[in-house]
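Predicted model and sequence below, questions to follow.
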Amino acid sequence: MAGKKVVIIGGVAAGASAAARLRRLDEHAEIIIFEKGEYISFANCGLPYYVGGVIPQRSNLLLLSPQDMQKRFNIQVCTSNEVTRIHPQERIVTVRNLISGETYRENYDYLILAPGSIPFAPPLEGLDRPNIFTVRNIPDSDIIRAYVQDHHPSRAVVVGGGFIGLEMADMLNHLGLDVTIVEASSQVMPPLDPEMAAFLHRYIIDTDIDLLLNRRVVGLKGKDKVEEVVLDDNSIVAADLVILGVGVKPETTLAREAGLAIGSTGGILVNEYLQTSDPFIYAGGDAIEIKNFQTGQEMLLPLAGPANRQGWVIANNICGRKIPYKGAQGTAIVKFGRMAAGVTGLNEKRLRALEQPYLAVHTYPSSHAAYYPGAMPMAIKLLFAPGDGKLLGAQIVGYEGVDKRIDVIATALRAGMTVFDLQELELAYAPPFSSAKDPVNMTGYAAGNLVNGDVEVIHWPEVPARVSEGAFLLDVRTFREASRGKVPGSYHIPLDEIRLRREEIPADKEILIYCHSGLRSYVASRILKQLGYRAVNISGGYVFWEVQQWDKANLQ
C-alpha cells in the first residue's frame with residue numbers, strides 16, 4: 001500500500017500501536033494521528049499509581065511524545081485536535097483544533113477508529129462539583145493529585161469495586177485517606193466468582209477500608225462541593241472527595257454519526273479483520289465489540305493488552321497481510337495492597353448462564369517452597385470440562401506469584417490444553433520461586449483426579465443440604481488445627497488416625513471430608529473409598545469455608 005494515507009483517530013493503546021506497526025511495514029505511507037487530548041501513547045493503566053505517588057513523575061507515564069513519534073516513525077501527531085465528523089463517502093474527516101478553534105478537513109485512504117471509552121456517570125445531580133472525579137487520562141489524574149495536595153481531604157468515597165475503583169481506593173488509602181468503597185453488587189471485581197472475591201473482601205477490610213456491598217449511591221449532598229454521599233438504604237457516608245469508578249462504555253459517537261454499524265453490546269461492529277461496515281474504516285480498542293475466544297459470543301473488553309493487539313492486527317491488514325483477530329479470553333489482574341487477583345477465561349457465573357457443563361476444583365498452595373522463607377498462600381480456582389478436562393477458566397487470589405500462575409494457565413487455555421496438560425508442564429523450580437510441583441501442576445493433578453473419577457468433589461454451598469439428608473461431615477485436620485475452629489456439626493479424626501479409628505465412621509452414610517485446603521482430605525477420601533465408604537472431598541477445605549463464613553457475617 002505504498003503511498004497510502006492513513007488517518008488514525010485516537011493516539012493511545014490501539015491507535016498508537018497501529019501507527020507504529022504501519023510505519024514498520026510501510027516506510028512510504030502518510031500517517032496522521034488525531035488525538036483530542038494533550039498526550040498520546042500514555043500508560044493509562046498507571047494513572048491510579050501516579051495519583052497515589054507510587055509512580056512519582058507524570059513523565060513516567062508518557063511512553064512516546066508526539067515529537068518521538070515524528071522523529072522515530074515519521075508520523076504526524078496532532079494533539080488537541082478533535083475529529084468532529086467522518087464523511088465516509090468522501091473519505092474525509094472534519095477536525096477542530098481545540099486550541100485555535102480552527103476547523104479543517106483531512107482526506108484519507110484508510111481510517112482507523114480508536115476513540116476508546118468514556119466513564120459511566122450515574123444519573124445523579126451534582127456530578128459537576130469540584131471534588132467528584134473520574135480517572136480516564138493524564139489530565140484527570142493531574143486534577144485528582146493536585147486536589148489531594150491542595151485541599152488535604154481526609155475522607156474519600158470510591159463508587160464502584162471494579163479494576164479502577166479498587167486501584168484508586170488502594171492508592172487513596174496509601175495516601176492516608178479514610179476510604180469507603182460503595183459497590184452495587186454483592187462483590188468486588190466481577191470476573192471473580194463469589195468465594196474467590198471473599199478473599200479480596202477480607203483483605204480490603206483488614207487494610208481499614210470500609211467496604212459497602214449491595215449499596216447504590218442515590219444522592220450527593222453539599223453546597224459548593226460534595227460533603228455527604230447518600231446510599232439507597234438511606235445511610236450517609238461523609239466525603240471530602242468522590243471517585244466514580246463504575247465502569248466505562250464504548251465511545252461510539254463518531255461511528256454512529258457516520259452510519260457505521262453498531263453491535264448488540266453497544267460497541268462498534270467489526271469483522272474478523274477489524275473492518276467496520278465501511279471497508280475503508282477499521283476500528284480497535286475499547287470502542288469495539290469483539291468475540292469471546294472461547295464462546296464466539298460478542299462482548300466488550302476494555303483492556304490494554306487486547307487493544308494493543310488489535311492495533312497491530314489492523315496495521316497488518318491495511319498493509320495486505322490478512323491476519324484475523326481471534327478474540328479475547330479476558331485475562332486480567334489487579335493489585336490491591338500486597339494482594340493480587342488474576343482471572344482468565346470463563347468464570348462459574350458465565351458457565352452457568354451458558355448452561356455449559358463444567359467441573360471446578362479449589363486449591364490453596366504456597367507461592368514457593370514452604371521451607372524457604374516468605375512463602376505466601378494463594379487461592380486457586382480451576383474450571384474445566386468433564387470428560388476430557390479441557391480448560392475453561394481460572395481465578396487466583398494471593399500475594400506472591402499470582403501473575404506467573406494466571407499467565408501459565410491463560411497460555412494453556414489459549415492453546416486448548418487440558419488439566420492433564422497442566423500436570424505435565426515443566427515449570428521453573430528453585431525453592432525461592434516455586435515448589436517441585438508448581439501450584440499450576442498441583443491444581444492440574446487435583447482436577448485430573450476429578451476427571452478420572454479417583455475422587456468425588458463437593459463444594460461448600462452444597463454441604464448443608466447433604467448433611468441435612470444424612471451425610472457425615474468429617475474433619476481430618478490435626479488436633480491443633482481443629483482447636484482453633486471447626487465447621488459446626490463436623491466429627492474430628494486426624495488423617496493419620498483414619499485407619500485406626502475407622503469404626504467411628506458410619507459405613508451406611510455418605511462421608512463429606514475436609515482438611516485445611518483439600519489435599520489431606522483427598523488422601524482421606526482415597527483411603528475410605530478403597531475401604532468401601534462413600535467418601536467425598538470438600539473442595540478447598542476449611543480455609544474456603546472460613547472465608548465464606550466471614551464474608552456472610554461481615555458484608556452480605
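Perfect, thanks for sending it.

contacts and neighbour counts: CA atoms only from here.
OK.

which residues does the residue nearest to residue 494 when sequence neighbours are not counted contact?
Setting aside the residues directly before and after it, residue 494 is nearest to residue 476 in space (Cα to Cα, 6 or more residues apart in numbering), at 4.3 Å. The contact partners of residue 476, by Cα atoms under 8 Å, 6 or more residues apart in numbering, come to 492-495, 513-515, 520-521, 524.

and if we set it to 7 Å?
492-495, 514-515, 521 (Cα atoms under 7 Å, 6 or more residues apart in numbering).

Out of these, list just those in helices.
Counting by DSSP state H, the contacts of residue 476 place residue 521 in helices.

ok, the residue most central in space within the chain to residue 55 distance?
Nearest to the mean C-alpha position of the chain, counting by Cα atoms, centre = their mean, stands residue 332 at 4.0 Å. Distance, residue 332 to residue 55, using Cα to Cα, to the nearest Å: 21 Å.

again with residue 226
Distance from residue 226 to residue 55, by Cα to Cα: 28 Å.

cool, residue 3 as well?
Distance, residue 3 to residue 55, by Cα to Cα: 41 Å.

of these two, who's got more company?
residue 55 (15 against 12; other Cα atoms under 10 Å).

what's the burial count for the nearest residue in space to that one that is not next to it in sequence?
In this structure, residue 55 finds its nearest non-sequential neighbour in residue 49, 5.5 Å apart by Cα to Cα, 6+ apart. Residue 49: 20 surrounding residues under other Cα under 10 Å.

swap in residue 419?
Residues within reach of residue 419, counting by other Cα under 10 Å, total 29.

neighbours around the closest residue to it other than its chain neighbours, how many?
Leaving aside its sequence neighbours, residue 419 sits nearest to residue 444 (Cα to Cα, 6+ apart; 4.8 Å). If you count neighbours by other Cα under 10 Å, residue 444 ends up with 26.

and residue 444, that one's in a strand?
No: judged by DSSP: H, G, I helix; E, B strand; the rest coil, residue 444 forms no part of a strand; its state is helix.

pLDDT wise, what is it at?
Here the pLDDT value assigned to residue 444 is 98.

Could you check how far it is from residue 185?
For residue 444, the distance to residue 185 - Cα to Cα - is 32 Å.

which helices and strands sit right next to the strand or helix carrying residue 148?
If you go by DSSP states H and E, residue 148 is part of helix 138-151. With contacts taken as 3 or more Cα pairs under 7 Å, 6 or more residues apart in numbering; DSSP states H and E, helix 138-151 sits against helix 47-51.

tell me which residues of the helix it packs on are tucked away?
47-51 (16 or more other Cα atoms under 10 Å).

So which of the contacts of residue 476 sit within strands?
The strands in this structure, assigned by DSSP state E, contain 492, 514 from those.

Tabulate the contacts of residue 476 (JSON lines), appending pLDDT, distance to residue 176 and neighbour count.
Below are the contacts of residue 476 laid out as JSON lines (pLDDT from 0 to 100; distance: Cα to Cα, whole Å; neighbours: other Cα atoms under 10 Å):
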{"residue": "492", "pLDDT": "98", "distance to residue 176": "45", "neighbour count": "18"}
{"residue": "493", "pLDDT": "98", "distance to residue 176": "47", "neighbour count": "21"}
{"residue": "494", "pLDDT": "98", "distance to residue 176": "46", "neighbour count": "20"}
{"residue": "495", "pLDDT": "98", "distance to residue 176": "47", "neighbour count": "18"}
{"residue": "514", "pLDDT": "98", "distance to residue 176": "41", "neighbour count": "31"}
{"residue": "515", "pLDDT": "97", "distance to residue 176": "39", "neighbour count": "28"}
{"residue": "521", "pLDDT": "97", "distance to residue 176": "43", "neighbour count": "28"}
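
could you dump the contacts of residue 476 to JSON lines with distance to residue 231?
Putting the contacts of residue 476 into JSON lines (distance: Cα to Cα, whole Å) gives the following:
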{"residue": "492", "distance to residue 231": "45"}
{"residue": "493", "distance to residue 231": "48"}
{"residue": "494", "distance to residue 231": "48"}
{"residue": "495", "distance to residue 231": "49"}
{"residue": "514", "distance to residue 231": "40"}
{"residue": "515", "distance to residue 231": "41"}
{"residue": "521", "distance to residue 231": "44"}
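
Going by distance to residue 448, which of the contacts of residue 476 wins?
residue 521 (16.0 Å; Cα to Cα).

so the closest one touches residue 515, yeah?
Yes: the pair residue 521 / residue 515 is scored as a contact, 5.2 Å apart, by Cα atoms under 7 Å.

Buried residues of stretch 528-535, list them for me.
528-529, 533-535.

For burial, what's the neighbour tally of residue 430?
Residues near residue 430, counting by other Cα under 10 Å, number 11.

returning to that earlier point: farthest-separated two in the buried residues of stretch 528-535?
Largest pairwise distance in the buried residues of stretch 528-535, by Cα to Cα, is 7.5 Å, between 528 and 534.

Show me where this structure dips below the pLDDT cut-off.
For the chain, the stretches flagged by pLDDT under 70 are 1-2.

Distance from the chain centre to stretch 148-166, please.
20 Å (Cα atoms, centre = their mean, to the nearest Å).

So which bits of it are buried?
Residues of stretch 148-166 classed as buried under the neighbour-count rule (16+ other Cα under 10 Å) are 148, 153-166.

Take those and keep only those in helices.
Using DSSP H, the buried residues of stretch 148-166 in helices are 148, 163-166.

Now render those residues as CSV, adding distance to residue 116.
CSV is the format used below for those (distance: Cα to Cα, whole Å):
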residue, distance to residue 116
148, 27
163, 17
164, 15
165, 19
166, 21
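
For stretch 67-76, give me every contacting residue.
By Cα under 7 Å, 6+ apart, stretch 67-76 touches 20, 23, 31-33.

hang on, residue 395 is in a helix, isn't it?
No: Residue 395 is assigned strand when assessed by three-state DSSP, not a helix.

OK, contacts around it?
Here residue 395 is in contact with 192, 342-344, 380-382 (Cα under 7 Å, 6+ apart).

nearest spatial neighbour of it, skipping sequence neighbours?
The shortest distance from residue 395 to any residue other than its chain neighbours is 4.5 Å, reached at residue 343 (Cα to Cα, 6+ apart).
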